[in-house]
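Trainee: got a predicted structure plus its sequence, pasted below:
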Amino acid sequence: MTNATKSSFATILISGLLLGVAFPLGAVALAPPNDVIARVGDQSITFSQIELMINSSDMIGMGSPPPGNPARNQVRLILLDKMISADLLHLDALKKGAESNPVYQRDVQRYSRAILASLYREKHGLGDITVTDDEVRNYYKKNIVKGTPLTPEVRMGIEATIRKERFKTRKAAFQKALRKGNEIVVDSTKLEPDGDAARTSGEVVARINQETITWGELRNELTDPQKSSSVEARTEVLNVMIDEHIIVDKAKAARLDRNPIFLSRINEFKKVHLVSLYKTKLFGEMEPTDREIREYFEENKEKIQTPESRKIQMVVLKTKVEADDVKKKIKSGELTIFQAASQYSIDPNAKTTLGELGWVAKGTGFPELDRLAFSLKPDDLGGPVETPAGWHLVKVLEVRETKYQDIEDKDTRQRARDMLLGEKVNEYIVNLRKNVFPVEVYADVFQRIVQKEQEKIEAKRKKSEKTSSPAQESTAKSGAKL
């Protein structure tokens, strides 16, 4: 395996875009219109798609660098790399006929029906349920104990209760109207648990007009043991399936299967799910042997092993005398190490971090500091020791021992196997990119969009400074008069 193969696509893309050199695994074409920044075969990747992914990660609590921060461009390029890889696998899956996989076909059908049913309920059935201020006040007067203040929390609780009650009423009316004009026949004998052993998957349990629900289809929905233990429970699940059949027919009649929201969701699901199933197939075909795993471990111990690391807290002083004095105060209880870091440390970040450096791996710091930190036990205060940065007092908060050292260890073997398998798949994708599907990355479009973004941010900053300047001058003059 060559070094280029072992390198991640992200590294290659970042190097190419930031240094302005030709991409080793794809061509840099002339700039297309709009914000298309790459093409993989007939698939386009836009800058907007990448921004949507980054912003979505912010919404679910995974922070990302803000616009204008150079680190955000690195995130963008890593995501671009991942999207290129996914598109290559998608095209390869289509070429190999992976769409004919029965599991894939079943999952697409189920997802499609679920989305259509959801859209129909939203547009023609349940819809939004609004609650007015008058309704809240009336409910409050009739149902809340006198003397209870109408706080925002109480108001929210009342609104939720009204919505829940109204939803039940609307749902019952919706379901009642739903079945009108439909011929529904249920064979209740096929719901008896005693007959399961002799029952075949193709036996019809229910008919809705010209459509059928088979025992096999119903059985797939009986995943909860409580939903398969009685005729009543099975009937409840079957009724949900019958309603869905009717709703999906109505949704299609309302042409919701041509709705842009539906088409967008189903196309995205088909692509993502096909790539997921195809990767699972590739993993199975590339599963390494025990000998391969052992050989890989011996050749890549440094990558596989996790060195010992320690969570460090530190106070940095200018002189040894100051360091000895602060250490005495901490030892005597006159100061905590947090107070010492905040009040005395010359580290510019100490007031914010209170001296906490986070996890530090062995062999990554100043040699003198490294020797001290990795000789201490948790909660011991060590030092002072001198480095070019000053005199250090060190406290170890937590310790993580070295991991993945022995190939006979189950976790070590799993880690080596996963890393080897990942490299095999990455090598496969590299080959797709070099030899099978055309890949074009429009570096100039990417750079132009980023440059425009930077110019907008700079313009806003200057405008903000201009707006605040008169107020600051006025304050300064007032202060001078006083």
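Mentor: Arrived safely.

Trainee: quick check: which element contains the nearest residue to L150 once chain neighbours are set aside?
Mentor: Nearest residue to L150 in three dimensions, chain neighbours excluded: Y140, at 5.8 Å (Cβ to Cβ, 6 or more residues apart in numbering). Glycine gets a C-beta too; all of them are placed from N, C-alpha and C. Secondary-structure element containing Y140, defined by DSSP states H and E: helix 133-143.

Trainee: what sits up against that helix?
Mentor: The set of residues external to helix 133-143 that reach it, using Cβ atoms under 8 Å, 6 or more residues apart in numbering, is 150, 154-155, 158-159, 161-162.

Trainee: residues of the helix or strand immediately after that helix in the chain that come out buried?
Mentor: Remark: after helix 133-143, the chain's next helix or strand is helix 152-178, criterion DSSP H and E. Burial within helix 152-178, assessed by neighbour count using 16 or more other Cβ atoms under 10 Å, is assigned to 155, 158-159, 162, 174, 178.

Trainee: stretch 327-335 now?
Mentor: For stretch 327-335, the neighbour count (16+ other Cβ under 10 Å) marks 327, 330, 335 as buried.

Trainee: CSV for those residues, including secondary structure, pLDDT and distance to P367?
Mentor: Formatted as CSV, the buried residues of stretch 327-335 follow (DSSP: H, G, I helix; E, B strand; the rest coil; pLDDT from 0 to 100; distance: Cβ to Cβ, whole Å):
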residue, secondary structure, pLDDT, distance to P367
K327, helix, 95, 21
I330, helix, 94, 25
L335, coil, 93, 28
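
Trainee: out of the residues you listed, who's nearest E217?
Mentor: Using Cβ to Cβ, I330 comes nearest to E217 of the buried residues of stretch 327-335, at 69.9 Å.

Trainee: my read: that closest one touches L381, true?
Mentor: Yes - judged on Cβ atoms under 8 Å, I330 makes contact with L381 at a distance of 6.2 Å.

Trainee: need the overlap of contacts for those two.
Mentor: Joint contacts of I330 and L381 (Cβ under 8 Å, 6+ apart) are 337, 393.

Trainee: hang on, I37 in a strand?
Mentor: Yes - with DSSP: H, G, I helix; E, B strand; the rest coil as the criterion, I37 is part of a strand.

Trainee: for V441, see how far away the residue nearest the centre of the chain is.
Mentor: Residue closest to the mean C-alpha point of the chain, counted by Cα atoms, centre = their mean, is S57 at 5.7 Å. Distance, S57 to V441, using Cβ to Cβ, to the nearest Å: 22 Å.

Trainee: kindly report the same for L335.
Mentor: Taken as Cβ to Cβ, the span from L335 to V441 is 56 Å.

Trainee: same thing with A71?
Mentor: Here A71 is placed at a distance of 20 Å from V441 (Cβ to Cβ).

Trainee: so where's the protein shaky on pLDDT?
Mentor: Applying pLDDT under 70 to the chain flags the ranges 1-33, 58-63, 125-128, 227, 468-482.

Trainee: mind listing the strands for it?
Mentor: Taking DSSP state E to define them, one finds strands in the chain at 36-40, 43-46, 184-186, 204-208, 211-214, 309-317, 356-361, 381-387, 390-400, 439-441.

Trainee: for L282, which of these is the nearest?
Mentor: Using Cβ to Cβ, the nearest of the strands of the chain to L282 is strand 36-40, at 17.4 Å.

Trainee: what lies in contact with that closest one?
Mentor: Here strand 36-40 makes contact (Cβ under 8 Å, 6+ apart) with 29, 32, 44-47, 50, 80, 83-84, 87-88, 91, 437-442, 445-446, 449.

Trainee: buried subset of those?
Mentor: Buried members of the contacts of strand 36-40, scored by 16+ other Cβ under 10 Å, are 44-47, 50, 80, 83-84, 87-88, 91, 437, 439-442, 445-446, 449.

Trainee: list the contacts for the nearest residue to R294 once chain neighbours are set aside?
Mentor: Setting aside the residues directly before and after it, R294 is nearest to I407 in space (Cβ to Cβ, 6+ apart), at 5.8 Å. Neighbouring residues of I407 by Cβ under 8 Å, 6+ apart: 293-294, 297-298, 413, 416.

Trainee: repeat the analysis, applying 7 Å as the threshold.
Mentor: Counting by Cβ atoms under 7 Å, 6 or more residues apart in numbering, I407 touches 294, 297, 413, 416.

Trainee: burial count for the third one?
Mentor: I take that to be R413. Look at R413: counted by other Cβ atoms under 10 Å, it has 17 neighbours.

Trainee: ok, now which ones touch R163?
Mentor: Contact analysis of R163 by Cβ under 7 Å, 6+ apart lists 129, 131.

Trainee: any idea how far it lies from V131?
Mentor: As judged by Cβ to Cβ, R163 and V131 stand 6 Å apart.

Trainee: could you do Q454 as well?
Mentor: Per Cβ to Cβ, Q454 is found 45 Å from V131.

Trainee: V385 too?
Mentor: Taking Cβ to Cβ, one finds V385 at 66 Å from V131.

Trainee: same question for G383.
Mentor: G383 sits 63 Å away from V131 when distances are taken as Cβ to Cβ.

Trainee: and those two? Which one has more around it.
Mentor: Under the criterion of other Cβ under 10 Å, the comparison of G383 against V131 puts G383 first, with 24 against 16.

Trainee: once you drop chain neighbours, what's closest to that one?
Mentor: Using Cβ to Cβ, 6+ apart, the closest residue to G383 is L393 (4.4 Å).

Trainee: and F297, how many neighbours?
Mentor: Close neighbours of F297, defined as other Cβ under 10 Å, add up to 22.

Trainee: cool, and L317?
Mentor: When neighbours are counted by other Cβ under 10 Å, L317 registers 23.

Trainee: likewise for A198?
Mentor: 7.

Trainee: how about it, phi and psi?
Mentor: Main-chain dihedrals, A198, degrees, to the nearest 10: phi -90, psi -10.

Trainee: what's the answer for N349, then?
Mentor: phi -100, psi 0.

Trainee: how close does it sit to Y104?
Mentor: Going from N349 to Y104 by Cβ to Cβ gives 51 Å.

Trainee: so for those two, which residue has more residues nearby?
Mentor: A count of neighbours by other Cβ under 10 Å puts Y104 above the other of N349 and Y104, at 18 against 12.
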